[in-house]
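Novice: Below is the structure, and that's it, no one-letter string:
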């Protein structure tokens, strides 16, 4: 099968699944999970086949382009020397998106499989699997796009499906509110993305990724213009990848089903922003100011996310803030000039963070609680599969050897150390906090004493047995085991032990063991884990102490650095105040004075005219004589020069 056929399968299989699920009669809706899983498996196998066919990296990039629109009227933009504007659609295949599409489709398949277990008793699971398939279609379209405009179209579809999945349980007020929050914040950020695309297209006449290189852009545009365009497009990245200050939507998005978090909020959607940074790196790196801006935003995001993760009780929100922090590290790497380091960490993070989210889903589904203290008290440590997956995922997140995060995160630290000492120290602090909140969560779950009443409650809530219990359990174990294995293997692909294949594939350089960095990482892991052990070796005592403690730092963290308060002030006070002023103007001036006032004055004039037109001839003659006398008097006075 040729490349183009594989690309069409990857792109259309999820869309066909979505359409089939919508067309299913009501009594056949139970087959929706099988249709969605089959399409996800087909897309994943096609991606793997495509990757294997180009494993040597030769004959790339390849483009399959279809002309969409061509405009040659130069009078539209008289200040620009562009002969004609051409918009294309199609597929682009190179090393970067070949890796990304493989990551997306493989994780999407495992999430579909786990969803069969997690959503087994949900009455609306047909709708859920339909939305999940449509999201997969949108995400594959984004990754395979050949230009920025096509990327933007699928970018918006990803935002739409994210809104649908976050608010899947729309009967919950918190879920519908979170979905709206995510949608609005992303649309606000995407406005900058859209404006950047428009300006870039007007000034250069192209949006193709293959054209957006340093030489072309610097010949066409001055540095200041490139800076403005780069920052505008980066605004879209800030929204999609939850960068400061647009990060506030991601923790609230945990109101959606947990497998959605594993797919959208750790591995694919939020990673789309980092992917775009690497995809259009030639554009962003054309301006040093743009790269510095990206580096600063990434640093703020990493620090804020890691700090807020340290006080959360909700297992999904801990992972959500962890995702925010790790995305910040990826953005920092790209801002420091290393797209390869950012993408390497994106790849490893996608697998171990999706593993962690699915593991949290296993805990939540079994114990009916998101609270890590309650999970521990209800016997969380007795679920051996989930605990093993949790340990492996957290060890990788902390950067413990030989798990994947050790290799990818340390590479970012090395890049930042060579680039700037300040940002390197910030990344070190982020790494320390990561170890602390990871072991805090682990110790609370493992060391909490089981409570009998809690255990009885958990037993009472346990799901009834199904005839397909064995198959459902496999749908829980297989994704966890598979992602765990990949989370170990993937890291070694970027090391000298395997010839740094993944890094070289991404355009990076071969790595070597750095003893200084190894010692630094070891100190971070030991100190962070030790601090977490000191505070949480007795979770019950720690919970009491945390509840009773007060202080400015705790207040700041609990209020999330007051960023949500700022949004609330801007929305409710400033925004509603402006809206109220416009409403008053519309009601009092536009409606009452201008529209209704004009109509009423005309009615009054009509009433006066009706008094004059009474149908009596003598009245008409009286009016005529009176008006004639006044006119004659005015003419005489005017001619006499008195006035």
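Specialist: The structure has been received and is ready for your questions. These numbers were taken from a predicted model, which means no experiment stands behind them.
Novice: Only the buried residues of the longest helix along the chain, if you could.
Specialist: Longest helix of the chain, by residue count under DSSP state H: helix 173-204. Buried residues in helix 173-204, counted by 16 or more other Cβ atoms under 10 Å: 175-176, 178-179, 181-183, 185-186, 189-190, 192-197, 199-201, 203-204. In short, each C-beta sits where N, CA and C put it, glycine included.
Novice: just stretch 219-227 next, same as before
Specialist: In terms of neighbour count (16+ other Cβ under 10 Å), stretch 219-227 has its buried residues at 220-221, 225-227.
Novice: May I see these arranged in TSV, with secondary structure as well?
Specialist: Shown next, in TSV, are the buried residues of stretch 219-227 (DSSP: H, G, I helix; E, B strand; the rest coil):
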residue	secondary structure
220	helix
221	coil
225	helix
226	helix
227	helix
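Novice: Report the lowest-confidence entry in the residues you listed.
Specialist: Scanning the buried residues of stretch 219-227 for pLDDT, the low point is residue 220. It has 86.
Novice: show me the contacts for that residue.
Specialist: Going by Cβ atoms under 8 Å, 6 or more residues apart in numbering, residue 220 touches 203-204.
Novice: Give the next helix or strand downstream of the lowest-mean-pLDDT helix or strand in the chain.
Specialist: Least confident helix or strand of the chain, by mean pLDDT, DSSP states H and E, is helix 452-461 with a mean of 50. Note on helix 452-461: by DSSP states H and E, the next helix or strand toward the C-terminus is helix 469-492.
Novice: Run through who's touching that next one.
Specialist: For helix 469-492, using Cβ under 8 Å, 6+ apart, the contacting residues are 106-107, 110-111, 113-114, 116-118, 120, 347-348, 351-352, 354-355, 358-359, 362, 385-386, 388-389, 392-393, 396, 402-408, 466, 498, 502.
Novice: pLDDT at the residue lying closest to residue 363 once chain neighbours are set aside, what is it?
Specialist: The shortest distance from residue 363 to any non-neighbouring residue, by Cβ to Cβ, 6 or more residues apart in numbering, is to residue 375 (5.1 Å). pLDDT recorded at residue 375 is 92.
Novice: gap between residue 601 and residue 592?
Specialist: To residue 592, residue 601 is 12 Å away according to Cβ to Cβ, to the nearest Å.
Novice: ok, now residue 572?
Specialist: Taken as Cβ to Cβ, the span from residue 572 to residue 592 is 27 Å.
Novice: Also residue 408?
Specialist: 64 Å.
Novice: Who has more neighbours out of those two?
Specialist: residue 408 (30 against 12; other Cβ atoms under 10 Å).
Novice: For residue 520, which residues are in contact?
Specialist: 413, 428.
Novice: Please apply the same query to residue 14.
Specialist: 36, 39-40, 43, 108, 133-137, 140.
Novice: What helix or strand is it located in?
Specialist: helix 3-23.
Novice: how about that helix: buried residues?
Specialist: 3, 6-7, 9-15, 17-21.
Novice: same thing with stretch 286-297?
Specialist: So, applying 16+ other Cβ under 10 Å, buried residues of stretch 286-297: 286-287, 290-291, 293-295, 297.
Novice: could I get the residues you listed as JSON lines with secondary structure, pLDDT and distance to residue 238?
Specialist: Formatted as JSON lines, the buried residues of stretch 286-297 follow (DSSP: H, G, I helix; E, B strand; the rest coil; pLDDT from 0 to 100; distance: Cβ to Cβ, whole Å):
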{"residue": "286", "secondary structure": "coil", "pLDDT": "92", "distance to residue 238": "19"}
{"residue": "287", "secondary structure": "coil", "pLDDT": "92", "distance to residue 238": "16"}
{"residue": "290", "secondary structure": "helix", "pLDDT": "95", "distance to residue 238": "13"}
{"residue": "291", "secondary structure": "helix", "pLDDT": "95", "distance to residue 238": "15"}
{"residue": "293", "secondary structure": "helix", "pLDDT": "96", "distance to residue 238": "10"}
{"residue": "294", "secondary structure": "helix", "pLDDT": "96", "distance to residue 238": "9"}
{"residue": "295", "secondary structure": "helix", "pLDDT": "96", "distance to residue 238": "13"}
{"residue": "297", "secondary structure": "helix", "pLDDT": "96", "distance to residue 238": "6"}
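Novice: The residues you listed into JSON lines, with extra columns for distance to residue 243?
Specialist: Output for the buried residues of stretch 286-297, formatted as JSON lines (distance: Cβ to Cβ, whole Å):
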{"residue": "286", "distance to residue 243": "20"}
{"residue": "287", "distance to residue 243": "18"}
{"residue": "290", "distance to residue 243": "14"}
{"residue": "291", "distance to residue 243": "14"}
{"residue": "293", "distance to residue 243": "11"}
{"residue": "294", "distance to residue 243": "9"}
{"residue": "295", "distance to residue 243": "12"}
{"residue": "297", "distance to residue 243": "5"}
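Novice: The helix or strand harbouring residue 597 - what's its average pLDDT?
Specialist: Per DSSP H and E: residue 597 is located in helix 597-612. The average pLDDT for helix 597-612 rounds to 78.
Novice: One more: stretch 343-354?
Specialist: Here the average pLDDT along stretch 343-354 is 93.
Novice: so how far is that stretch off the chain centroid?
Specialist: 15 Å (Cα atoms, centre = their mean, to the nearest Å).
Novice: begin at 52 from here
Specialist: Got it, the first residue is 52 from now on, which makes the last one we talked about stretch 394-405.
Novice: If we go by neighbour counts, what in that stretch is buried?
Specialist: Applying 16+ other Cβ under 10 Å to stretch 394-405 flags 394-405 as buried.
Novice: Many thanks, I have nothing further to ask.
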